[in-house]
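Sequence first, then the predicted structure:
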Amino acid sequence: MRLQKKNTAETLKMKRLKEDAQSVGNILIEIGAALMSSGASTHRIRITMERIAKGLGYGIELLITQRALMLTIIEKDQQHFFSRLKRISPHGVNFRVVSGISHLSWKVMEENWTVAQISDELNRLKSLPHYPRLVILGLVGLAGAAFCHNFGGGYIEMTVAFIATVVGLFVRQEATRVKFNPYLCVFFAAFAASLIAGLAGHFKIGAEPDKALATSVLFLVPGIPLINSVTDLMDGNIQNGMVRAMNGLMIAFSIAMGLFSVKMILNF
Amino acid sequence: MILLEILMKSFWSGVAAIGFAVLFNVPRRVIFSIWALGALGGLIKFSAMQCESGIVFASFLGATAIGFASIQMAHTKNSPPLVFSIPSVIPMVPGFFAYKMMLGLIALTGIENTDAYMKTLMETVNNGSKAMFVLISLSTGVAIPMLLTRKESIKKSKFNKNKKVVV
């Protein structure tokens, strides 16, 4: 009788441990997926997830790739573990999430947050608003004008680059909204932007129209894939680095195709 | 006059950095820092180019400066370094050379005459190698300070001393 009672208590404890490992594993893999889709480097994802796991008292083993994340979470006496594989859907860069998760991981260490608290914070971070659309359009347009100034364009070229960038970004946002292939979205945006800049050149607006044309597509440059690629390669995550570099090259190729089409149409 | 031009260019580099920061949805409190970092990178790059150091090395210097400054910013503003470094390094991307290279490559497909072919080929290779090496120097310039200071900063951080490691 007593033995049986002890057995039930142990089973209950084991069940609880297993459930704990499960919930911790689920929340960790959510965090990793959020980080990957918002543009963090592989090493950052690894240290953040390991830090949170350590704060909660678990060890983890990870396999991080661009489109999937694999996690095994190990309880301290190595008896209860939990594995999960999660597919990562690309959402577009969001540094607010990266920054917030970094805060979160330190809070788990410092203030001993529970799984429920982490989950609430993660949901809050994911629901944080983006900047208003007009602000984004205006500031990115200004960035296009700034590029044009730095490559030696005058005020007329800067205005052309501003308008072309705004229209191009608008086209990209709309194309992304109706879920075109991401590279096709970049192609459309490059096409629209360079068409406007090219038309300005066609009607002889401005002294150096090729500067406006070259800088009107610069808002599309794959900065994050390329920089993260080198960071990953230097950290020894060769596979991820190559994947990111290839992704960046594909985007660059789409931009080139957009420019090329406009060149064929306007024949400059 | 040259100084004024450099200052103007660095100001506009900062503006371009803000554009990308907004596109990448950074937290609102770091936007001014990103402008400052972009302007700093532009200032160093254009000053170095004024001293005839070549665009590749100048971009490398600017990117390295941004990398180190972004780690400092990360400590004061409590955000990861990449939030600062990536938007502020993008204004230095060699878009004009990449564009020239692309136009050259397209032109090469249609040229028959050998002399004109050689001339276009030379220009294309020149522009293309500039674009490629500037890109490489930008990303290594940003990555190197992160790699250099990482060990140190993790050891130094105050959380490491008084927490008990369970695993």
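Nice, I can see it.

What about the residue in the stretch 101-250 of chain A positioned nearest to chain B, how many residues nearby?
Closest approach between the stretch 101-250 of chain A and chain B, counting by C-beta to the nearest C-beta: A:Ala143, at 2.5 Å. Yep, even glycine has a C-beta here, placed from its N, CA and C like the rest. By other C-beta atoms under 10 Å in any protein chain shown, 32 other residues sit near A:Ala143.

try the one 4 residues further on
In terms of burial, A:Phe147 registers 32 neighbours under the definition other C-beta under 10 Å.

if I pick the residue of the stretch 101-250 of chain A closest to chain B, what's in contact with it?
Contacts for A:Ala143 (C-beta atoms under 8 Å, 6 or more residues apart in numbering or on different chains) come out as A:165, A:219, B:15-20, B:91.

how about the residues you listed, which pair is most distant?
Using C-beta to C-beta, those reach their maximum pairwise distance at A:Thr165 and B:Ala17, which is 14.8 Å.

Residues of the stretch 1-150 of chain A that sit close to chain B?
Counting by C-beta under 8 Å from any C-beta of the partner chain, the residues of the stretch 1-150 of chain A close to chain B are A:39-41, A:44, A:53-55, A:57-59, A:76, A:93-96, A:98-100, A:102-103, A:106, A:109-110, A:130-131, A:135-136, A:139-147, A:149-150.

Let me have the contacts of A:Ala143 in a markdown table, extended by neighbour count, secondary structure and distance to B:Met146.
Shown next, in a markdown table, are the contacts of A:Ala143 (neighbours: other C-beta atoms under 10 Å in any protein chain shown; DSSP: H, G, I helix; E, B strand; the rest coil; distance: C-beta to C-beta, whole Å):
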| residue | neighbour count | secondary structure | distance to B:Met146 |
| --- | --- | --- | --- |
| A:Thr165 | 31 | helix | 30 |
| A:Phe219 | 27 | helix | 25 |
| B:Val15 | 22 | helix | 25 |
| B:Ala16 | 32 | helix | 22 |
| B:Ala17 | 32 | helix | 18 |
| B:Ile18 | 23 | helix | 22 |
| B:Gly19 | 30 | helix | 23 |
| B:Phe20 | 27 | helix | 19 |
| B:Pro91 | 30 | helix | 19 |
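
In chain A, what helix or strand scores lowest on average pLDDT?
helix A:2-37 (a mean of 78; mean pLDDT, DSSP states H and E).

Kindly report the same for chain B.
Lowest on mean pLDDT, DSSP H and E among the helices and strands of chain B sits helix B:159-162, with a mean of 44.

Which single residue in chain B comes nearest to chain A?
Closest approach between chain B and chain A, counting by C-beta to the nearest C-beta: B:Gly19, at 2.5 Å.

Please name the residues that touch B:Ala143.
Applying C-beta under 8 Å, 6+ apart, we find B:Ala143 in contact with A:227, A:230-231, A:234, B:67.

Nearest to A:Leu63 among those residues?
Nearest to A:Leu63 among the contacts of B:Ala143 is A:Thr231, at 18.6 Å by C-beta to C-beta.

I'd guessed that closest one sits against A:Ser41; true?
Yes: using C-beta atoms under 8 Å, A:Thr231 and A:Ser41 qualify as a contacting pair, with a distance of 4.6 Å.

follow-up on the earlier one: put the alpha carbons of the helix or strand where the residue of the stretch 101-250 of chain A closest to chain B lies into CSV.
Taking DSSP states H and E as the criterion, A:Ala143 maps to helix A:133-150. Provided in CSV are the C-alpha atoms of helix A:133-150 (Å, rounded to 0.1, in the frame of the first residue of the first chain):
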residue,chain,number,x,y,z
ARG,A,133,2.7,53.7,-43.2
LEU,A,134,3.0,57.4,-44.3
VAL,A,135,5.9,57.9,-41.9
ILE,A,136,7.7,54.8,-43.4
LEU,A,137,7.0,55.9,-46.9
GLY,A,138,8.2,59.5,-46.3
LEU,A,139,11.4,58.6,-44.4
VAL,A,140,12.4,55.8,-46.8
GLY,A,141,11.8,58.3,-49.6
LEU,A,142,14.1,60.8,-47.8
ALA,A,143,16.7,58.0,-47.5
GLY,A,144,16.5,57.6,-51.3
ALA,A,145,17.1,61.3,-51.7
ALA,A,146,20.0,61.1,-49.3
PHE,A,147,21.6,58.3,-51.3
CYS,A,148,21.2,60.4,-54.4
HIS,A,149,22.9,63.4,-52.7
ASN,A,150,25.8,61.3,-51.5
